[in-house]
Structures are given as C-alpha cells and as structure tokens.
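J.: Let's see this in three dimensions:
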Amino acid sequence: MARTTKKTAKKKTATKKKVAAKRVVKKKTAVKKKAAAKKPVKKKAVKKKVAKKAPAKRKAPAKKKTAKKKVVKKKVVKKKVAKKKVAKKKVAKKAPAKKTTAAAKKKAAAAKKKAAAAKKKAAAAKKKVAAAKKKAAAERKKKARENAAAARQKLRERVAAAAEALAAAKAEAAKATKRQNLLINMAKKKEAAVARFVESWTKKEMAKIEKALKPKRRKRR
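T.: Numbers count the residues shown, from 1 in each chain. Model prediction:
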C-alpha cells in the first residue's frame, strides 16, 4: 500500500505542477494579449523575457507567491517601456520638423535656381533684342548707303546725258555755223561769178552791137 501511495502522491504533485504551469502560462498569455492590444510594437521584447523566466518557474512550482510577484514586476517593466515609447514618439515628432526644414530649404534652393534661370532668360532676351536692333540699324544703314549710291549713279547718268546733249548741241551749232559760212562764201562766189558772167556777156553783146552798127562791106567777086 505504501508504494501505491507514493505513486499517487507523485502523480498528484505532477498534476499540481501541470495545473500551476498552465495557470502561469494562461496568465502570461493574458498579459501578453493585453500588452499586444495596448502596444503591439514591443511584443518581441516581452516574449523574450517570458521565455527566459519560464524554465525557472517549472523548477520551483511550489513557490506560487514568487511567480505572482514576478508577474507584477513585468507590469512595472511594461509601464517603463510605455514611458520610453512616449519619448520615442516625441523624437519622431521632431523628425518631420527637420524634414520640413530640409524640404523648405530645397524649395528655396529650387526657387533661387528658377529665379536665376529667369534672370538668365531675361538677359538672353535683352541680348536678342539688342542684337535685333543692331541688325535693323545695320540694314537701315546699308539701305541708306545703297539708296545714296543709286541717287549718285542717277545724278551721274543725268549729268552724262546732259553733257552728251550739250556736246551734240555744240556739234550741231558748229555744223550750222560752218554751213552758214559756206553758204555765205557760196553767195559771195555766186555774186562774183554772176558779175563776171555779166561783164563777159555784156562785152560780147556790145561787140555784137558794134559789129551790127558798122557798115557791111561788099564782097569782091
């Protein structure tokens, strides 16, 4: 009967240990679920601590009070972790401010670049306008020079035409004067010839008249 009692006692202790372990595991699972519902970010850290302390509880299942105290300590650790998380959240809040300042700086740099590009474009446009004005002035000067050269050429042509007309008029006048002189000489020669002819004719006629006035001589037979 003693052997049977020892075995039953061992079985009872084993069952008690199992029940205690199950209760501890259930409590741990409940605590883990609460921690996961509240702060799911640090589940891993809590699980690691529980995994490390589980074998120690199995070795001393009779000390239930110590196990309960450890569970209370875990709650304190969780509160500390929550405080640390708040600190991390504050740091996370500061990070976007830095990002916003960096973005603002980038935007300012982009705006400066755009302003510089706009200034360059304006300068290029001014240069183009100045170049266009210079080209227009050069073209006007060229046109003025060409017009002046054409006007001078026309004047020269007109002067040459007038000179040719004067030369022709002078030639005609010279011809006219020569003709007049020749006509005058011809008239003079004509008058002289007429005077000579008249004299010779008159002499001939006078000789005829004198012959006719003389008595005729009779011819001897």
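J.: only C-alpha atoms for contact and neighbour calcs from this point on.
T.: OK.
J.: And Pro215, its phi and psi?
T.: phi -70, psi 150 (degrees, to the nearest 10).
J.: Now do it, the pLDDT please.
T.: We note a pLDDT of 78 for Pro215 in this prediction.
J.: C-terminal to the helix or strand bottoming out on mean pLDDT in the chain, what's the next element?
T.: Lowest on mean pLDDT, DSSP states H and E among the helices and strands of the chain sits helix 43-59, with a mean of 47. Using DSSP states H and E, the next helix or strand after helix 43-59 towards the C-terminus is helix 64-213.
J.: I'd like to know which elements that following helix is packed against.
T.: helix 2-38 (3 or more C-alpha pairs under 8 Å, 6 or more residues apart in numbering; DSSP states H and E).
J.: again, 7 Å this time
T.: If contacts are counted by 3 or more C-alpha pairs under 7 Å, 6 or more residues apart in numbering; DSSP states H and E, helix 64-213 sits against no helix or strand.
J.: low-confidence ranges in this structure?
T.: For the chain, applying pLDDT under 70 flags the ranges 1-7, 28, 30-97, 218-221.
J.: again, only this time at 50
T.: Applying pLDDT under 50 to the chain flags residues 1-2, 41-51, 54-56, 60-68, 81, 91-92.
J.: okay, now Thr29: neighbour count?
T.: 14 (other C-alpha atoms under 10 Å).
J.: Quick check: it vs Ala171, distance?
T.: According to C-alpha to C-alpha, to the nearest Å, Thr29 and Ala171 sit 142 Å apart.
J.: next one: Ala130
T.: In terms of C-alpha to C-alpha, Ala130 sits 60 Å off from Ala171.
J.: again with Lys105
T.: 97 Å.
J.: repeat for Leu213
T.: Counting by C-alpha to C-alpha, the gap from Leu213 to Ala171 is 61 Å.
J.: Comparing the two, which residue is more hemmed in?
T.: The neighbour count for Leu213 versus Ala171, taken as other C-alpha under 10 Å, is higher for Ala171 (12 against 9).
J.: Which residues are in contact with the more buried one?
T.: Neighbour list for Ala171: empty [criterion: C-alpha atoms under 7 Å, 6 or more residues apart in numbering].
J.: Okay, it and Lys178: tell me how far apart.
T.: Computed as C-alpha to C-alpha, the Ala171 to Lys178 distance reads 10 Å.
J.: Repeat that for Ala165.
T.: Ala165 sits 20 Å away from Lys178, going by C-alpha to C-alpha.
J.: what's the answer for Asn185, then?
T.: For Asn185, the distance to Lys178 (C-alpha to C-alpha) stands at 10 Å.
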